[in-house]
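Peer 1: Structure, please.
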Amino acid sequence: MDLKISPRSVQQETVRLVREAITSGYFKPGERLVEAKLCSLLGVSRTSVREALRVLATEKLITIVPNKGPSVAELSWEEAENIYHLRALLEGEAAALAAGRVKPDDLRRMREALDTFAAAVDQQDWKTRISATADFYEVIIQCCGNAVMGEVLHGLLTRINFLRARTMASPGRAKHSVRELESIYDALEKGDARVARAVAVAHVKAAEAEARDVYREMNHAA
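Peer 2: Model (predicted):
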């Protein structure tokens with residue numbers, strides 16, 4: 001049995017860890033990402049770090065400026081607002097389409113993700129909150145029957161998680177999210193496309209309102 005970690009596994013893990021450090025706020029927007037520091041933190045080679053930075057640049061989580069190097073992308077409120085508007089359109093439609101397609105096993109997976117999310121809110125475990133929310137929505141995307149819509153949402157996922165990490169830092173917002181996701185689940189369980197769309201859109205709008213407040217506070221602090 002070969003238990004050595006393959007170079008590909010090291011590369012994927014490097015990308016995952018740096019991505020997580022950015023979306024969690026460990027690295028702040030605008031902060032320079034020094035290769036030597038990342039190598040030391042992660043215990044990997046410069047080659048792995050450079051490839052990870054290249055991948056994350058395509059995800060628009062970092063910006064690489066000639067002669068200055070990479071830094072964490074700064075997401076303006078205009079960009080964030082555009083993402084929320086697109087999310088409302090796509091996630092509302094995905095929920096409506098999924099309402100007539102979900103199977104018992106899909107509902108079971110959603111329930112598991114929702115229970116995990118609720119427990120993570122109580123435990124103030126932000127990492128699990130983010131992953132559980134992504135798992136919940138992944139079922140909806142898989143059930144909506146529109147592969148192109150899924151591709152677009154997956155393409156936005158890292159920036160969505162970047163915003164989620166900030167809005168869910170508020171205990172009040174996190175608890176509201178539990179109730180909102182429960183409403184989406186209930187609508188899908190009943191096969192009610194109209195309600196599923198409405199509550200999915202309302203969930204995104206509530207997150208947008210919280211994000212707006214977060215951005216205002218950031219601007220005042222600056």
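Peer 1: element containing the most centrally placed residue in the chain, please.
Peer 2: With distances taken as Cα atoms, centre = their mean, N161 lies nearest the centre of the chain, 2.2 Å away. Element membership of N161 [criterion: DSSP states H and E] is helix 147-167.
Peer 1: what residues are up against the residue nearest to the centre of the chain?
Peer 2: N161 sits next to T23, I130, A134 when contact means Cβ atoms under 8 Å, 6 or more residues apart in numbering. In short, each C-beta sits where N, CA and C put it, glycine included.
Peer 1: would CSV of the residues you listed with secondary structure be doable?
Peer 2: Converted to CSV, those look like this (DSSP: H, G, I helix; E, B strand; the rest coil):
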residue, secondary structure
T23, helix
I130, helix
A134, helix
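Peer 1: related to what we said a few turns ago, return the alpha-carbon coordinates of the helix holding N161 using CSV.
Peer 2: Extracted as CSV, the C-alpha positions of helix 147-167 are listed here (Å, rounded to 0.1, in the frame of the first residue of the first chain):
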residue,chain,number,x,y,z
ALA,A,147,-26.8,22.2,-15.6
VAL,A,148,-25.9,25.6,-16.9
MET,A,149,-27.5,27.3,-13.9
GLY,A,150,-25.5,25.0,-11.7
GLU,A,151,-22.3,25.9,-13.4
VAL,A,152,-22.9,29.6,-12.9
LEU,A,153,-23.7,29.2,-9.2
HIS,A,154,-20.7,27.0,-8.7
GLY,A,155,-18.6,29.7,-10.4
LEU,A,156,-19.8,32.2,-7.8
LEU,A,157,-19.4,29.9,-4.9
THR,A,158,-16.1,31.1,-3.5
ARG,A,159,-17.3,34.7,-3.6
ILE,A,160,-20.6,33.7,-2.1
ASN,A,161,-18.8,32.0,0.8
PHE,A,162,-16.6,35.1,1.1
LEU,A,163,-19.7,37.1,1.8
ARG,A,164,-21.4,34.4,3.9
ALA,A,165,-18.5,34.4,6.3
ARG,A,166,-19.1,38.1,7.0
THR,A,167,-22.8,38.0,7.3
